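Colleague: What shape does this take:
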Amino acid sequence: MMGMNRLFIKSPVNDVAVINLALNLGSLHEPVPGIANVLIPLWRMSDYAKELERVGVSFVIEKGLDYLMVRVKARYSVIPKAVELLVKTLLNPPIDRLDDAIREAGTRITLSREDVITLSIAEALKLLFNDHPYSRHPTAYEYKLTGITKDDVRRAIDGLRAISLTVVAPEDVVEIDLPSANYVEIPVRGFGSGSRDVRLEGKVQTAVVIMYPTYGIKDVERSFKMDVANTVIGGMGLVSRLYREVRVKRGLAYYAYSMYWPLGSSGVFIAMAGVRREFVKDTIDIMLNTISNSSLSDDELAMAVRNRIGRLKVMKESPEGIANVHSVIPTYGLPSDYYDRYINYIRNLRPEDVAHEIRGLQQPVIVTVGT
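Modeller: Numbering: from 1, shown residues only. The predicted structure follows:
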């Protein structure tokens, strides 16, 4: 575990420990596209994983764009055993069951692609990021899984590296014996443009995605401003601009909101709505106009800042929430006082600061998926 980027936070709960382990098997770094999708069910099939469950350990393995995250929650007293079994699980997948794992991974991808929201985001990523690894949605890209071999699995395990370890526990006693590596950016050489319409039969609604390239998480101050801009545009639920303009005022959509993903090698701002097919064009026009409206009042900014600080406090009320929120710090090599800086920075923002970020959004891609 020499050199591993790690963070320990004392748990507010005496008998519970949570571990977040980021591995180099996200879409960005996996050696064979889709290998992580196959490894996840393969790991689950191992006797070591079954033993983890027998000793009462909860663990989830999720593939993301930047990394694969293993989330572990257990009684503090069983943490040494849990860590031992976890490492054995990761290093010893039952390769003879590869065909079963490929079938299970393929089924999960098929199910993901039947969801209009997930598929619309996946298609927008393909359009925006061209041949960059971010073009491959973690769970809804059309991976060629049947071409994955046992040798591919062995090479992936040999190349397995821990990017970061975040521990929330009563004491800092967790040691994980895995090779480590820093997160490495892969620059985006150019963004795509245009639009795409995907037809799926039997769907009640059509998902609309408008996706913009923007700042990654390492562009700290500008990503802070973009986070607040997203909150104003569509990240505050019922009081956000998109919801008011698209659903409340005009009744065009089942839902309307936005998200900001500050990733390590780029960032994306995503505006979404779910509508009937005949309202797609009007909805897109209104969404684009709403997003481009950079005027911002002091009250609107103050509400957005309160929303962000309040949500951050709520997310940090449990050991799992603390681990999930803080794991970005060791993963991306951010300052240890990252969230203190965040709160202080957004409290001092002016409306024109956020307006500048909204005006600076680049050309988006637009994807619709539905009947």
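Colleague: Can you show me the strands along the chain?
Modeller: 5-10, 16-23, 58-63, 68-75, 162-169, 194-199, 206-214, 253-262, 267-275, 365-370 (DSSP state E).
Colleague: Sheet partners, orientation included, of the fourth one?
Modeller: This points to strand 68-75. Partner strands and pairing direction for strand 68-75 (DSSP bridges) are strand 16-23 (antiparallel), strand 58-63 (antiparallel).
Colleague: Same list (the ones you listed) but as TSV, adding distance to Ile9.
Modeller: For the C-beta atoms, the positions are set from N, CA and C on the backbone; glycine is no exception. Shown next, in TSV, are the strands paired with strand 68-75 (distance: least, CB to CB, whole Å):
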stretch	distance to Ile9
strand 16-23	9
strand 58-63	19
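Colleague: Please identify the most buried of the ones you listed.
Modeller: Most buried of those, by mean neighbour count (mean count of other CB atoms under 10 Å): strand 16-23, with a mean of 24.
Colleague: Now do that strand, average pLDDT.
Modeller: The pLDDT scores in strand 16-23 average 98.
Colleague: now that strand, how far from the centre of its chain.
Modeller: Centroid separation between strand 16-23 and its chain, computed with CA atoms, centre = their mean, to the nearest Å, is 16 Å.
Colleague: begin at 19 from here
Modeller: I'll keep to 19 as the first residue from here, and by that count the last item is strand 34-41.
Colleague: Send me that strand as CSV with only the CA atoms.
Modeller: What follows is strand 34-41, C-alpha atoms only, in CSV (Å, rounded to 0.1, in the frame of the first residue of the first chain):
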residue,chain,number,x,y,z
VAL,A,34,-19.4,1.2,12.2
ALA,A,35,-16.6,1.6,9.7
VAL,A,36,-17.0,2.6,6.0
ILE,A,37,-14.3,2.2,3.3
ASN,A,38,-14.3,3.7,-0.1
LEU,A,39,-11.7,2.2,-2.4
ALA,A,40,-11.2,3.8,-5.8
LEU,A,41,-9.6,1.5,-8.4
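Colleague: if we look at it, which residues are touching it?
Modeller: Defining contact as CB atoms under 8 Å, 6 or more residues apart in numbering, one finds that strand 34-41 is touched by 29, 85-94, 97, 100-101, 104, 108, 178-188, 192, 194, 201, 337-338, 340-342, 345, 348-349.
Colleague: Tell me the buried residues within those.
Modeller: In these, burial by neighbour count holds for 29, 85-92, 94, 97, 100-101, 104, 108, 178, 180-188, 192, 194, 201, 337-338, 340-342, 345, 348-349, counting by 16 or more other CB atoms under 10 Å.
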